[in-house]
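# sequence first, then the predicted structure:
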Amino acid sequence: MTADRYPRILPGKRAIIAGRTGSGKSTLGKWLLARSPGRWLILNPKWTSAYNSLPDSNVVKSLDIRKIEKSMMSHHFTIINPGKDEANAESMDYFIETMHDSYSNFGICADELYTLHRGNGTAGDGLIGLLTRGRELKQSFLGMTQRPAFISKFLFSESDYICGMSLALHDDRKRMYENTSRDEFLGQLPPHEWLWYDVTRANLRYFGAVPMGG
């Protein structure tokens with residue numbers, strides 16, 4: 001958190017947003033991205049259209065590294081919609097590893113974190129590398145998930161901020177509580193409301209709907 005009233009993701013910081021379909025997760029993610037400095041690559045395997053309205057954005061419909069690098073050099077946001085044969089954990093994790101090894105001062109937003117996990121619920125080497133070694137390179141990260149119970153605890157342990165929205169299943173709310181020790185995450189939030197937990201400060205804040213122009 002900064003002195004600003006609302007959160008933003010500064011260079012080298014990482015955050016998780018968890019919320020069921022329809023909770024407002026993509027709306028909140030887009031708003032956070034618009035407030036957060038640096039170039040951002042949005043890994044969008046579900047082809048979510050919400051990000052298309054981000055200012056100075058460009059869509060690349062593949063994991064073609066050359067096309068992505070070209071877009072990255074000329075746009076604030078590059079929205080990456082992987083092809084059907086690319087939207088798998090191995091291909092997307094290799095992409096993350098390549099960008100982590102090649103660039104500093106940029107962020108990756110992953111629109112669905114469980115798609116970056118192997119079948120046994122293990123995060124890939126590229127994602128692990130970005131989260132463990134990316135801080136000093138000013139590599140930021142924003143990950144979103146419908147099912148926090150399905151993603152590695154490692155992602156929580158490496159996060160500076162943990163955000164909870166409406167989660168219908170008890171297992172998902174329990175996972176949020178286990179990684180914050182805050183009872184508030186066990187409750188069922190209405191759609192578009194959210195809890196923002198600053199891990200370093202052990203500080204929890206409640207927000208209503210995403211502010212327009214905030």
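Cool, the structure landed. Numbering: from 1, shown residues only.

# so Pro148 touches Leu169, yeah?
No: contact criterion CB atoms under 8 Å: Pro148 and Leu169 do not qualify, at 9.5 Å. (Each C-beta comes from the backbone N, C-alpha and C, glycine too.)

# and the helices in the protein?
25-35, 65-74, 89-102, 125-133, 153-157, 170-178 (DSSP state H).

# returning to that earlier point: more neighbours: Pro148 and Leu169, which one.
A direct count of neighbours by other CB atoms under 10 Å for Pro148 and Leu169 places Pro148 higher, at 28 against 14.

# per-residue confidence for the more buried one?
pLDDT, Pro148: 96.

# what residue is smack in the middle of the chain?
Gly143 (1.9 Å; CA atoms, centre = their mean).

# so how far is Leu130 from it?
Distance of Gly143 to Leu130, given as CB to CB, to the nearest Å: 10 Å.

# mutual contacts of these two, please.
Contact criterion CB atoms under 8 Å, 6 or more residues apart in numbering; residues shared by Gly143 and Leu130: none found.

# next, format the helices of the chain as TSV and append distance to Ala110.
Formatted as TSV, the helices of the chain follow (distance: least, CB to CB, whole Å):
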stretch	distance to Ala110
helix 25-35	10
helix 65-74	14
helix 89-102	8
helix 125-133	8
helix 153-157	10
helix 170-178	17
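
# those helices: which one's closest to Pro55?
Ranking the helices of the chain by proximity to Pro55 (CB to CB) places helix 25-35 first, at 7.1 Å.

# buried residues of stretch 189-199, list them for me.
Residues of stretch 189-199 classed as buried by neighbour count (16 or more other CB atoms under 10 Å): 189, 192-197, 199.

# save the helices of the chain as a markdown table, and put in mean neighbour count, mean pLDDT and distance to Leu10 too.
Listed next are the helices of the chain as a markdown table, based on neighbours: other CB atoms under 10 Å; pLDDT from 0 to 100; distance: least, CB to CB, whole Å:
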| stretch | mean neighbour count | mean pLDDT | distance to Leu10 |
| --- | --- | --- | --- |
| helix 25-35 | 21 | 94 | 10 |
| helix 65-74 | 14 | 96 | 19 |
| helix 89-102 | 18 | 96 | 18 |
| helix 125-133 | 19 | 95 | 16 |
| helix 153-157 | 16 | 94 | 19 |
| helix 170-178 | 17 | 97 | 23 |
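
# many thanks, have a good one.
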